[in-house]
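my questions concern the predicted model and sequence given below.
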Amino acid sequence: MKDDTLESQKIEIAKWLLNPDKQQKLPDEWNQLKERLKKEGLEKIFHEIELPLAPILEEMEKIGIKVDLEILERLSKKMAKELDALVKIIYKKAGAVFNLNSPKQLSEILFEKLKIDTAGVPKTKTGIRSTDAAALEKIKNHPIVDLILQYRELFKIRSTYVEPLKKLAGLDAKHRIHTQFLQTGTVTGRLASQNPNLQNIPILSKWGTELRKAFVAESGYTLASFDYSQIELRVLASVAGDPKMIEAFQNDLDIHILTASQVFNVDTKEVSKDQRRFAKTLNFGIIYGMGPDAFARNTGLTREEAENFISEYFNDFLEVKRWQEKIIDKTRRLGYVENLNGRKRWLPEIISMNQRIAREAERAAINMPIQGLAADIIKLAMIKIARKLKEKNWWNDKTRLLLSIHDELLFEISNDILKEAIALIKNEMESAYKLAIPLKVEAAYGENWAEL
DNA sequence: AACTAGGCT
DNA sequence: GTATAAGCCTAGTTG
């Protein structure tokens, strides 16, 4: 909504094309843009997705999401107190006062002053011992480390979210926060959100939950979220045409349990929690082109065990392997990769002599058609939903689309039509795009974002 | 501006 | 010998 030229230009063009206003001239940029789209073969994406989506995004930005300023203020003070207490203990244990937000100073304290064993702790690009969370996990036996991890989490959430949101809420009479969505901000076709980013509001930690409680519905309304269940794995199963994976989704099985039963060679009923977690890491890793070392690092397996699991995986889901090889080969020949919708990503570096660069491009090539089609599906769903809700005269009144978070849509819905609207939205999302298998959406609602 | 770190899907 | 999983945005420190 702010002055991002390409975004606002697209919105202007979109408005004109969708509702031609003969009084106003179409911007001159349109002809240039049209040429570019034609040359790059992106006309379909532009007309069917980007164009109709642009005004929807603008409306979402304008509406904003309500936050409870009092909750934020209370939370801010509580966090400040806890931070203060943590800092004091850490200084005492360190026997020094230093800047905890400086990785360089912290590294000196930990590894020189306190002489903590540096075995297995990597160095950063600039040569200091790393103090990131993975490094700290390795030296967790020292009593100061857990305190530092607590401090980091607290400071992150307060300085990146609580304080900026507090400030922004104060600027708006109704305490609604207005993000900016970027439709041209990613290489895969996903949306991005900035100023503030509302696509990465914490959820996992205790403090994340506290923060999400501050995102609320207006009086008389309820927040409702709609999550595509396993959309990227469904897209993978579908585009790769893998029979086993397709069958699993057609029967609405738990894909991670199915995967575990395959790679561990046990019955689905015998799969343990740990085995399911392994399989989940494996499934996501496959989408990203993960190699055996990364899998080993993530699971604590040896490299050899990790290799065995991955090769077992590809034995079971043979078409996934074949599809990935086909994509890499095609990308090498063409210099770009595209998803089913014709959305393209240029990757000329895939033939680089530098192996690291070439491998990185291969992983990007494998991932883009998956991530990019999932992104198109949710965008199409947004367009369909807006159309349906406008027909009902609910759009931006009884139902308000607030956020789009990659595989989730967040709405604020008037209580008198809540159930009916939820059914409608869920249905539109599930029928937004035809895959070889059904799309599944999970809906939840509540007074605040933490309840969902 | 580069670097380190960490929040999300 | 070293790093090694896709895509983003933001805050704080350092030089």
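Noted; the coordinates are in hand. All values reported here derive from a predicted model rather than from experimental measurement.

for residue A:315, grab the count of nearby residues.
Number of residues near residue A:315 (other Cβ atoms under 10 Å) recorded here: 11. C-beta here means a position set from N, CA and C on the backbone, and glycine is covered the same way.

could you look up the SS state of residue A:204?
coil (DSSP: H, G, I helix; E, B strand; the rest coil).

ok, it to residue A:75 distance?
17 Å (Cβ to Cβ, to the nearest Å).

more neighbours: which of these two?
Higher neighbour count among residue A:204 and residue A:75: residue A:75, with 22 against 8, using other Cβ under 10 Å.

quick check: domain ranges of chain A?
A:69-170, A:232-370 (automatic domain parsing).

DNA strand C contacts on the stretch 351-452 of chain A?
A:356, A:360, A:363, A:364, A:367, A:368, A:371, A:406 (Cβ under 7 Å from any atom of the strand).

and these, which is closest to DNA strand B?
Closest approach between those and DNA strand B, by Cβ to the nearest atom of the strand: residue A:406, at 3.2 Å.

list the contacts for the closest residue to that closest one other than its chain neighbours?
Nearest non-adjacent residue to residue A:406, counting by Cβ to Cβ, 6 or more residues apart in numbering: residue A:190, 6.1 Å away. Contact analysis of residue A:190 by Cβ atoms under 8 Å, 6 or more residues apart in numbering lists A:371, A:372, A:375, A:406.

could you dump the residues you listed to JSON lines with neighbour count, secondary structure and pLDDT?
Shown next, in JSON lines, are the contacts of residue A:190 (neighbours: other Cβ atoms under 10 Å; DSSP: H, G, I helix; E, B strand; the rest coil; pLDDT from 0 to 100):
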{"residue": "A:371", "neighbour count": "24", "secondary structure": "helix", "pLDDT": "97"}
{"residue": "A:372", "neighbour count": "25", "secondary structure": "helix", "pLDDT": "97"}
{"residue": "A:375", "neighbour count": "26", "secondary structure": "helix", "pLDDT": "97"}
{"residue": "A:406", "neighbour count": "17", "secondary structure": "coil", "pLDDT": "97"}
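
of those, which are in range of DNA strand B?
Answer for the contacts of residue A:190 near DNA strand B (Cβ under 7 Å from any atom of the strand): residue A:406.

quick check: the farthest pair among the contacts of residue A:190?
Farthest-apart pair in these is A:372 and A:406; separation 11.7 Å (Cβ to Cβ).

show me where the stretch 1-150 of chain A has helices.
A:5-18, A:29-40, A:43-45, A:51-63, A:69-94, A:103-108, A:133-138, A:143-157 (DSSP state H, counting those that start in this stretch).

ditto for the stretch 251-400 of chain A
Under DSSP H, counting those that start in this stretch, the stretch 251-400 of chain A gives helices at A:255-264, A:273-288, A:292-299, A:303-316, A:318-334, A:355-391.

winner for burial among the ones you listed?
Compared across the helices of the stretch 251-400 of chain A, helix A:255-264 shows the largest average neighbour count, a mean of 22 (mean count of other Cβ atoms under 10 Å).

nearest residue to residue A:56 in space, please, no chain neighbours.
Residue A:56 sits nearest to residue A:386 (Cβ to Cβ, 6+ apart), 5.1 Å away.

quick one on the thing from earlier: got JSON lines for the domains of chain A, with mean pLDDT too?
Below are the domains of chain A laid out as JSON lines (pLDDT from 0 to 100):
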{"stretch": "domain A:69-170", "mean pLDDT": "95"}
{"stretch": "domain A:232-370", "mean pLDDT": "94"}
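
please consider this matter closed, and thank you.
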